[in-house]
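**Q** model the following, please.
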Amino acid sequence: MSAALLPKRAFAQLSGPADFILTDANIITQGPARPRAAALAVKNGLIQAVGANADALALKGADSLVISAKGRTVIPGLNDSHLHVTRGGRFYALELRWDGVGSLARGLDMIRKQAALTPEGQWVRVIGGWSPYQFIEKRLPTPTELTEAAPDTPVYVLFLYSQGYLNRKAVEILGINRDTPTPPGTGYEFTEDGGAIIHATPNPDLLYATVGALPPMSAEDQALSSKHFFRELNRFGLTSAIDAGGGGHKFPKDYAGTEALAASGDLSLRISNYLFPQNKGHELTEFEEWTANWEAGANHAEGLMNGFVVEGGGEFLVWSAGDYENFMADRPDITTRENWRSELMAVTRHLLSKQWPLRIHATYDQSVNHILDVFEEAHALEVADGRSGFAAVRWAIDHGETLQKPTLQRIKALGGGVAVQARMAYAGEYFKERYGEDAARNAPPLRDIIDAGLPLGLGSDATRVASYNPWATLHWATTGRSVGGEKLHSKRHQLSREEALFHHTVGSAWFSHEELLKGRLKPGQFADFAVLNAPYLDVSDTDLKNIESDLTIMNGKPVYGAGEFAGLAPTLDPIKPDWSPVRRFGGFQAA
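**A** Numbering: from 1, shown residues only. Sure, this is the predicted structure:
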């Protein structure tokens, strides 16, 4: 159902007694007519009324659930504009998360304890979501330390898409040595203890391949893993995510777990999917198959409006145009790759002809300008053929850390937006070391994007690059500091807390055509919101990154509850397998 038509139909569903009423709250509505309110009422998964306690309670019926927020701050449900959410859910049960861990010593102890639980044939895997600068030791692990922690269990630790660390047992099981061939731009560094470091310089293919070589779960266990992962996201107030696909993650085969939840009505998160081709050099064939068999924008979730949607193509359109973001290596030049331009042109024109939205991974300003050369030519050719080109689709640059003002104007002229993630919060120290303090102060240029009038959506790029915790993103966007406390952004690019919230809700919704449906708590919009454990606008910067949700509502129903609200959300079956790291350690490690 289109964003233009849904609000009209929604208002027809708002009459009668409320299903749910929240009172005694400090609600940040983001609605211009009433920016603050004390209460709201929900009907049929939509906001029915917002105002004073009396306004909401006037809609109370015999079956209305009434809850007091007891003065807590309430915000619209957070929306991550770039989260590899389906892939994250697919692997969540098997991964040991270092997200939020305060010391390397503790991280290694977690590996030691998990190795004791991990059966033969399985791995201990720490697949991203952390930075060495979050540790008090301020350094990366070594293969020797991984071997000491788990001498008899294979261990793989991934740091961004820059490096991977294998203990001795992992090297033995993979059967690799100094003569093992590796893709261009990658390599193994073998260490004296028998372990190895995988280097992306800057090509991450070897890091992808190593993840892909690890044992998978059944589709049934993936669905349960995804359900627990989505509950973990609900823990932080997330109710929507835009899925950017990912390397080694094929649609629709690898989406079985999430699709099962969508079909059964068990999603606790609205997901808009961008499709990422896997067959290098033959990406057009994949997009032709997808556009022939899937309707962009159609909802595939049972009982949940806009619950599981195929949105468009990206974040990679063609692999040859990928400008990998390894700040520990030199900036790549996409123009040195054979056929990059013709491949990108073919895919772009196909998606435009089918009016499929698209987005493209581009870290560096130089790469974006080369890509824009292709986009502008594709648009002109489409118009010459009697079609609308970019005027008929929404499209975006993903990342854009070094975008410059003239480039922003080119993006604006084609009607694009920019989805920015908190990658600098995890890799900013390496960026600063390579490109200098002045460059880091403007990377990414948040204020310039806003001043240019471009749609801006905030997100994480979780789970392998950054943590999925949105409060880490909001902390970085408002303070300019990395997870290790390093001051990166200049004051000019630090957003106010109101701005950051807007771009992590309404701003992100633009990228899935939903800015009229979600992000504001006003009648007719989706009843997606979070009751926080701290006053977002008033807490200290230190406490800001520790905020969680006490109660998360999605589609008008509780999907997460803590403390006095714990009994409101549905009970989940225990995560599988029995030795899952999530059973022992949970997900994000709170301070």
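**Q** ranges for the strands of the stretch 51-200 of the chain?
**A** Taking DSSP state E, counting those that start in this stretch as the criterion, the stretch 51-200 of the chain carries its strands at 65-68, 73-76, 78-83, 124-127, 155-159, 163-166, 186-190, 196-200.
**Q** closest to Val101 out of those strands?
**A** Evaluated with Cβ to Cβ, the strands of the stretch 51-200 of the chain place strand 124-127 nearest to Val101, the distance being 9.5 Å. All C-beta atoms are positioned from the backbone trio N, CA, C, and that covers glycine.
**Q** remind me what the closest one packs against, helices and strands.
**A** helix 104-117, strand 155-159 (3 or more Cβ pairs under 8 Å, 6 or more residues apart in numbering; DSSP states H and E).
**Q** buried sites along the first one?
**A** Spelled out, it's helix 104-117. 104, 107-108, 110-115, 117 (16 or more other Cβ atoms under 10 Å).
**Q** re the thing from before, can you put the helices and strands packed on strand 124-127 in JSON lines and add mean pLDDT and distance to Leu358?
**A** Listed next are the helices and strands packed on strand 124-127 as JSON lines, based on pLDDT from 0 to 100; distance: least, Cβ to Cβ, whole Å:
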{"stretch": "helix 104-117", "mean pLDDT": "98", "distance to Leu358": "38"}
{"stretch": "strand 155-159", "mean pLDDT": "98", "distance to Leu358": "28"}
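**Q** mind putting these in JSON lines, distance to Ser482 included?
**A** Shown next, in JSON lines, are these (distance: least, Cβ to Cβ, whole Å):
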{"stretch": "helix 104-117", "distance to Ser482": "16"}
{"stretch": "strand 155-159", "distance to Ser482": "14"}
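**Q** for Gly561, find the nearest of these.
**A** That would be helix 104-117 among the helices and strands packed on strand 124-127, by Cβ to Cβ, at 26.7 Å.
**Q** list the contacts of the residue sitting nearest the centre point of the chain.
**A** Geometric centre of the chain, nearest residue: Leu83, 1.6 Å, by Cα atoms, centre = their mean. For Leu83, the contacting residues are 241-244, 459-463, 468, by Cβ atoms under 8 Å, 6 or more residues apart in numbering.
**Q** just name the most buried of the strands of the stretch 51-200 of the chain.
**A** Among these, the stretch with the highest mean neighbour count (mean count of other Cβ atoms under 10 Å) is strand 78-83, at a mean of 31.
**Q** partner strands of that strand, parallel or antiparallel?
**A** strand 238-243 (parallel) (DSSP bridges).
**Q** shouldn't Leu572 be in contact with Arg231?
**A** Yes - counting by Cβ atoms under 8 Å, Arg231 is a contact partner of Leu572 at 6.2 Å.
**Q** how about the contacts made by Gly322?
**A** Here Gly322 is in contact with 316, 334, 361 (criterion: Cβ under 8 Å, 6+ apart).
**Q** any idea how far Asp80 is from Gly248?
**A** Note on Gly248: its distance to Asp80, by Cβ to Cβ, to the nearest Å, is 20 Å.
**Q** cool, Leu22 as well?
**A** Between Leu22 and Asp80 the computed distance is 24 Å (Cβ to Cβ).
**Q** for Glu548, state which of the contacts of Leu83 is nearest.
**A** Of all these, the one with the least separation from Glu548 (Cβ to Cβ) is Tyr468, at 12.7 Å.
**Q** what number of residues lie near Gly436?
**A** Look at Gly436: counted by other Cβ atoms under 10 Å, it has 10 neighbours.
**Q** spatially nearest residue to the residue of the chain most remote from its centre, not counting backbone neighbours?
**A** No residue in the chain sits farther from the centre than Ala62, which is 39.9 Å out by Cα atoms, centre = their mean. Leaving aside its sequence neighbours, Ala62 sits nearest to Pro17 (Cβ to Cβ, 6 or more residues apart in numbering; 7.3 Å).
**Q** Tyr274 pairs with what?
**A** Beta-bridge pairing for Tyr274 (DSSP bridges): Gly312.
**Q** mind listing what Arg34 touches?
**A** The contact partners of Arg34, taken as Cβ under 8 Å, 6+ apart, are 50-51, 522.
**Q** name the helix or strand for the closest residue to Ala244 other than its chain neighbours, please.
**A** In space, and not counting its chain neighbours, Ala244 is closest to Glu315: 4.2 Å by Cβ to Cβ, 6+ apart. Glu315 belongs to no helix or strand when assigned by DSSP states H and E.
**Q** my guess is Glu315 meets Gly245, correct?
**A** Yes - using Cβ under 8 Å, Glu315 makes contact with Gly245 at a distance of 6.2 Å.
**Q** which residues do the two both contact?
**A** Residues touching both Glu315 and Gly245 (Cβ under 8 Å, 6+ apart): 274, 276.
**Q** who's more crowded, these two?
**A** A side-by-side neighbour count of Glu315 and Gly245, using other Cβ under 10 Å, places Glu315 first with 27 against 24.
**Q** who's in contact with the more buried one?
**A** 82, 244-245, 274, 276, 359-361, 398.
**Q** how many residues are close by Ser103?
**A** For Ser103, using other Cβ under 10 Å, the count is 12.
**Q** so it makes contact with Pro141?
**A** No - between Ser103 and Pro141 there is no contact under Cβ under 8 Å: 11.4 Å.
**Q** no further queries at this time; thank you.
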